[in-house]
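A.B. asks: structure for the following, please:
(chains A and B)
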Amino acid sequence: MHPAFSVIFLTTLIGAAQGMFMALVTGQVYSVANLLEPQDSISFYFTGSMIALLLLAGGLVAAVFHLGKPSYFLTRAWRGMSQWRTSWLSRELIALPAFMLLVALYGGVHYLGWTQPWAVIRNVLPVDASLVLGTLGVLMSVILFVSTAMIYASLRFLQEWHSPLTVANFVLFGLASGFTLAAAFSAWTGVNLVGFFGTWAVVFTVMAAITRGFSMLRNARIKHKSTMSSALGIRHTKITQRSMGFMGGSFNTREYFHGRSGGFLETVRLFFMVAVFAVPVALLAAGDATGSAYLPALAFLVQYLGLLAERWYFFAEAKHPQNLYYQTVG
Amino acid sequence: MTQLALVIDLNVCVGCHACVTSCKEWNTSGWAGPMVDQRPYDADPTGTFFNRVQTFEVGEYPNTETVHFPKSCLHCEEPPCVPVCPTGASYKREDNGVVLVDYDKCIGCKYCSWACPYGVRELDEMQKVMKKCTLCIDRISDESKPESERKPACVLACPTSARLFGDVHDPDSEASVAIRERGGYQLMPEWGTQPANHYLPRRKTRIQIFEDELERVDNPLDKEHPLPAATGDTLDDVSF
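C.D. replies: Numbering: from 1, shown residues only, chains lettered A, B, ... in the order given. The predicted structure follows:
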């Protein structure tokens, strides 16, 4: 498939935002349970939510450029929420604004200080608006993760994508980059949660390395169901295209081919394996050892760049069966 | 239920591209707006087409066979492109099974084209909406036309009658009979899309002729061999 930068930015930005938001809510839940010290509503939870919201808005802007015309965002995109019964893309188009709303409300509640408990369950769990909104936000984030990943995983003849590993990868990459961002944010603002978020970031990064490793292994030895023989219905093992019927190129020759050499793909793969997995873990460890305020931020930047490459490779490695019909110009 | 479809006879298709050009001509002048070409007279021209004819070589020289292969939307009975559309712009008509795109609802996200294993959907580069073969829906449903012209443009244009059009759910239609009697098959059956369009395979027509069918043993005009009379008694020499 031809990697579209609009979708690459959309999926990586909202993934990081979802992970960041989940990190904030995790921090809050831990502090409610007295496992971590409570943080300031405005400087930590509100600012953190706004960072997540900013990333989500960036993803939304990227998504607008995936539409045929950006103007369709105003005139037609609302229809995209109508087919949620059958379309994972439609579900994503509902879950994304719903999640943005919940993140905004969560940040807003913290900003306005509406954190007086409504009720205290069993004398230990004070339930306030932020905890309810945070929980709902995490649930919506899970829905959004699954919807985004299933857009790809549900296409059964794109066999490289049609696997539960695709969903695992999207979720774990989002969590890894989000928790790294949370660690970077904590380090930058001097909050004492760098170790907590950083540890989880490393855990998620390692888990992502495992699931992505499995999916790369799976894709390397994948046996495609469609062949020239099944595409044409001709029972012969040697079928060669002599002409695709035109010489100037078409949507079919542009949309489904990445147009790069195998060597380039291999370079991208090596780059993302280093930038997503190895370097951020090393930087987070170095940051933890030195107490640096900047190393976790650098870890996030490197990992984000790596994730851009990873998403590019994710598209490029998928082979669409329609390509069987477009092998030779003629 | 009606399921309109094309049945394409690979045995008689000569790869002349008449269906391609007539398709483009009819559909670019239709009510749905032009099928845009970009840089048509320049280097690197490109454009939107609903139908293509491709050419394949089967086998290895000298035992090869050339197959011309027309390819357009197959109007699947289980179209994978329809349920993935987020806006409902892609739909399959209840009354005749034709898969269509509502160009006013499409947001050009291209997801349906990813979901089609056959690659028969094309994004129009000017209108920025997804387009595809409509089976000339404006033509086949136009009751002001005589019955004989209510067929897709490609079918009417084909000089070898390689394209049959009809209801594949009606067992007595020309299309159904052709599928049944001439080994009609579907493309990429492995995906369960149940394409309505079918293809008829290439066939070898061979006559088996034996020597004695070409040359009568008792050919009276035979000059090369002596008449049986010269070698002995004939029937006429026997007296009763």
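A.B. asks: flag every buried residue along stretch A:172-190.
C.D. replies: For stretch A:172-190, the neighbour count (16 or more other Cβ atoms under 10 Å in any protein chain shown) marks A:172-187 as buried. (C-beta placed from N, C-alpha, C; glycine too.)
A.B. asks: is stretch A:60-77 positioned near chain B?
C.D. replies: Yes. Judged by Cβ under 8 Å from any Cβ of the partner chain, stretch A:60-77 comes into contact with chain B through A:66-69, A:72, A:76-77.
A.B. asks: how far is that stretch from where the chain is centred?
C.D. replies: Centre-to-centre, stretch A:60-77 and its host chain are 20 Å apart (Cα atoms, centre = their mean, to the nearest Å).
A.B. asks: run a quick neighbour tally on residue 155.
C.D. replies: The chain I'm using is chain A. Number of residues near A:L155 (other Cβ atoms under 10 Å in any protein chain shown) recorded here: 24.
A.B. asks: chain B, not that one
C.D. replies: 23.
A.B. asks: may I ask which helix or strand encompasses A:G68?
C.D. replies: Using DSSP states H and E, A:G68 sits within no helix or strand.
A.B. asks: in contact with it, which residues are there?
C.D. replies: If a contact means Cβ atoms under 8 Å, 6 or more residues apart in numbering or on different chains, then A:G68 has B:106-109, B:123, B:127-129 as its contacts.
A.B. asks: leaving out sequence neighbours, find the closest residue to it.
C.D. replies: B:G108 (2.0 Å; Cβ to Cβ, 6 or more residues apart in numbering or on different chains).
A.B. asks: wouldn't the one you found be in contact with A:F73 here?
C.D. replies: No. Between B:G108 and A:F73 there is no contact under Cβ atoms under 8 Å: 11.0 Å.
A.B. asks: which neighbours do those two share?
C.D. replies: With Cβ under 8 Å, 6+ apart as the test, B:G108 and A:F73 both reach A:L67.
A.B. asks: give me the number of neighbouring residues for the closest residue to chain A within chain B.
C.D. replies: Closest approach between chain B and chain A, counting by Cβ to the nearest Cβ: B:G108, at 2.0 Å. The number of residues packed near B:G108 is 19, by other Cβ under 10 Å.
A.B. asks: I'd assumed A:E160 was in a strand, is it?
C.D. replies: No. Applying DSSP: H, G, I helix; E, B strand; the rest coil, one finds A:E160 to be coil, outside a strand.
A.B. asks: next up, the contacts around it.
C.D. replies: Counted by Cβ under 8 Å, 6+ apart, A:E160 has contacts A:219, A:222, A:317-319.
A.B. asks: quick check: mean pLDDT of stretch B:158-176?
C.D. replies: Taken as a whole, stretch B:158-176 has a mean pLDDT of 97.
A.B. asks: mind telling me what element A:D288 is part of?
C.D. replies: Assigned by DSSP H and E, A:D288 falls in helix A:279-290.
A.B. asks: how about the contacts of A:G68, which pair is most distant?
C.D. replies: B:C109 and B:Q127 (14.0 Å; Cβ to Cβ).
A.B. asks: who has more neighbours, these two?
C.D. replies: Taking neighbours as other Cβ under 10 Å, B:C109 and B:Q127 compare with B:C109 leading, 26 against 19.
A.B. asks: helix, strand or coil for B:T205?
C.D. replies: Three-state call for B:T205 (three-state DSSP): coil.
A.B. asks: for it, give me phi and psi.
C.D. replies: phi -110, psi 110 (degrees, to the nearest 10).
A.B. asks: could you count how many residues lie near it?
C.D. replies: Using other Cβ under 10 Å: B:T205 sits among 5 other residues.
A.B. asks: what pLDDT does it get?
C.D. replies: 87.
A.B. asks: could you do A:Q116 as well?
C.D. replies: What the model reports as pLDDT for A:Q116 is 84.
A.B. asks: on the three-state scheme, it is what?
C.D. replies: coil.
A.B. asks: so who does the nearest residue to it once chain neighbours are set aside touch?
C.D. replies: Among residues not flanking A:Q116 along the chain, A:D128 sits closest, at 6.2 Å (Cβ to Cβ, 6+ apart). Listed by Cβ under 8 Å, 6+ apart, the contact partners of A:D128 are A:114-118.
A.B. asks: how about a cut-off of 7 Å?
C.D. replies: Contacts for A:D128 (Cβ atoms under 7 Å, 6 or more residues apart in numbering or on different chains) come out as A:115-118.
A.B. asks: quick check, pLDDT for the residue of the stretch 201-330 of chain A found nearest chain B.
C.D. replies: Proximity of the stretch 201-330 of chain A to chain B (Cβ to the nearest Cβ) peaks at A:Q322, 2.7 Å away. On pLDDT, A:Q322 comes in at 96.
A.B. asks: what's the answer for A:R91, then?
C.D. replies: pLDDT at A:R91 comes out at 97.
A.B. asks: ok, now which ones touch it?
C.D. replies: A:84, A:147.
A.B. asks: what about it, which helix or strand?
C.D. replies: helix A:88-112.
A.B. asks: does A:F170 belong to a helix or a strand, and which?
C.D. replies: helix A:164-189.
A.B. asks: that helix near chain B anywhere?
C.D. replies: No. Shown here: helix A:164-189 not in contact with chain B (Cβ under 7 Å from any Cβ of the partner chain), separated by at least 13.8 Å.
A.B. asks: quick one, that helix and helix A:279-290 angle?
C.D. replies: If you take axes from the mean of the first three to the mean of the last three Cα atoms, to 10 degrees, helix A:164-189 sits at 30 degrees to helix A:279-290.
A.B. asks: tell me which residues touch the residue nearest to A:G134 when sequence neighbours are not counted, please.
C.D. replies: Using Cβ to Cβ, 6+ apart and skipping residues adjacent in sequence, the residue nearest A:G134 is A:V25, 3.9 Å away. Going by Cβ under 7 Å, 6+ apart, A:V25 touches A:134, A:137-138.
A.B. asks: which stretches of the chain have low pLDDT?
C.D. replies: Assuming you mean chain A. Along chain A, no part satisfies pLDDT under 70.
A.B. asks: my bad, chain B
C.D. replies: Looking at chain B by pLDDT under 70, you get B:216-217, B:219-220, B:225-235, B:237, B:240.
A.B. asks: all strands of it, in order?
C.D. replies: Under the criterion DSSP state E, chain B contains strands at B:4-9, B:37-38, B:46-47, B:51-60, B:63-72, B:90-92, B:99-101, B:122-123, B:130-131, B:163-167, B:198-200.
A.B. asks: can I get these in CSV with mean neighbour count?
C.D. replies: Below are those laid out as CSV (neighbours: other Cβ atoms under 10 Å in any protein chain shown):
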stretch, mean neighbour count
strand B:4-9, 26
strand B:37-38, 15
strand B:46-47, 20
strand B:51-60, 20
strand B:63-72, 19
strand B:90-92, 20
strand B:99-101, 22
strand B:122-123, 22
strand B:130-131, 24
strand B:163-167, 22
strand B:198-200, 24
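A.B. asks: need the ones you listed in a markdown table with distance to A:P280, can you?
C.D. replies: Compiled in a markdown table, these are given as follows (distance: least, Cβ to Cβ, whole Å):
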| stretch | distance to A:P280 |
| --- | --- |
| strand B:4-9 | 54 |
| strand B:37-38 | 43 |
| strand B:46-47 | 42 |
| strand B:51-60 | 47 |
| strand B:63-72 | 47 |
| strand B:90-92 | 41 |
| strand B:99-101 | 44 |
| strand B:122-123 | 37 |
| strand B:130-131 | 39 |
| strand B:163-167 | 58 |
| strand B:198-200 | 52 |
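A.B. asks: re earlier: please indicate which of the contacts of A:E160 are buried?
C.D. replies: Buried among the contacts of A:E160 (16+ other Cβ under 10 Å): A:219, A:317-319.
A.B. asks: the residues of stretch A:60-77 next to chain B: which two are farthest apart?
C.D. replies: A:H66 and A:R76 (13.1 Å).
A.B. asks: now do the contacts for the residue of the stretch 201-330 of chain A closest to chain B.
C.D. replies: A:252, A:256, B:117-119.
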